[in-house]
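Peer 1: Kindly return the folded structure for what I paste below:
(chains A and B)
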Amino acid sequence: MKKQAVTIENETGLHARPASMIVDEASTYDADVQIVYDGQEVNAKSIMGVMSLGISQDAEIIVQADGDDEEEAVNTIIELIQSGFGEE
Amino acid sequence: MFNIFSSDDQELELMAPLTGEVLALSEVPDEVFAAKTVGDGVAIKPTDNKLVAPVDGVVKQLFPTKHAVGIETEDGVEILVHIGINTVELDGEGFEKFVDKGDQIEVGDKLITFDLDYIEENATSIITPIVITNINEVDSFEVTEANKVTAGEDKLLTVSI
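Peer 2: Sure, this is the predicted structure:
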């Protein structure tokens, strides 16, 4: 299991577009990937799961993965979040 | 819970959540919806200001910005109704919500009202995608043949589970 914490930088939080970008990325890995926020853990390959957390700007979340490609899965998703999803 | 071992053919009827013109998802002016990244379904260009529940279920997500609502049915089908395009940037302005996350809802319940003119003026589009976000969990779906639908009264999608 690989885990890493990250802070949400983009102003609008994890709404439809960023959530779908995370799900798209997470779905390319064999590892089980989860987002943990505020005591809740959701499947990072489920759009509704990710959006149901209602994560807004400045929230600290944990990205975790378990599987052969867990290292790469977590690193790539953390990078995606830190990039602000290409939003201004 | 969704039962992946069920062999029964089940159908779920989605009623129109909005009154307006039925459009293909490909006509939504936003790549994440047009390319079905968020999910598969249909779009409505609303002519009225009221969003009602298309199915019985639970509100899974309703952002503080009130521009989108996620619903999960008893069968585990997840539906996202996203009012307009780039409406997250309106920061809740022009929207009023009547339910909260976790609420049980029934077909026809009023969920959100919105200011059509304000959204048309200040967001990219008022065209509203209605998508099944866990599309892998359903067998297939059919879109109504009607060009125009009335909220809570007309069928929009028939989903085979």
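Peer 1: can I get the CA coordinates of the lowest-mean-pLDDT helix or strand in chain A in CSV?
Peer 2: Confidence across the helices and strands of chain A bottoms out at helix A:47-52, with a mean of 90, counting by mean pLDDT, DSSP states H and E. C-alpha atoms of helix A:47-52 as CSV (Å, rounded to 0.1, in the frame of the first residue of the first chain):
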residue,chain,number,x,y,z
ILE,A,47,-16.8,9.6,-10.5
MET,A,48,-19.7,9.7,-8.1
GLY,A,49,-17.5,8.4,-5.4
VAL,A,50,-14.9,11.1,-5.9
MET,A,51,-17.5,13.9,-6.2
SER,A,52,-19.5,12.7,-3.3
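Peer 1: So that helix, near chain B or not?
Peer 2: Yes: where contact is defined by Cβ under 8 Å from any Cβ of the partner chain, part of helix A:47-52 touches chain B, namely A:47-48, A:51-52. No exception for glycine: its C-beta is placed from N, CA and C like everyone else's.
Peer 1: For that helix, name the packing helices and strands.
Peer 2: In terms of contacts (3 or more Cβ pairs under 8 Å, 6 or more residues apart in numbering or on different chains; DSSP states H and E), helix A:47-52 is packed against helix A:16-26, strand A:40-43, strand B:57-62, strand B:68-72, strand B:78-82.
Peer 1: can you do 6 Å?
Peer 2: When contacts are defined as 3 or more Cβ pairs under 6 Å, 6 or more residues apart in numbering or on different chains; DSSP states H and E, helix A:47-52 sits against helix A:16-26, strand B:57-62.
Peer 1: To residue B:39, which of these lies closest?
Peer 2: helix A:16-26 (8.5 Å; Cβ to Cβ).
Peer 1: quick one: average pLDDT of the closest one?
Peer 2: Across helix A:16-26, the average pLDDT comes to 93.
Peer 1: and that helix, what other elements does it pack with?
Peer 2: helix A:47-52, helix A:70-82.
Peer 1: sorry, back to before: for the helix or strand just after the least confident helix or strand of chain A, which positions count as buried?
Peer 2: Moving toward the C-terminus from helix A:47-52, the next helix or strand (DSSP states H and E) is strand A:60-66. Residues A:61, A:63-65 are the ones in strand A:60-66 that count as buried (16 or more other Cβ atoms under 10 Å in any protein chain shown).
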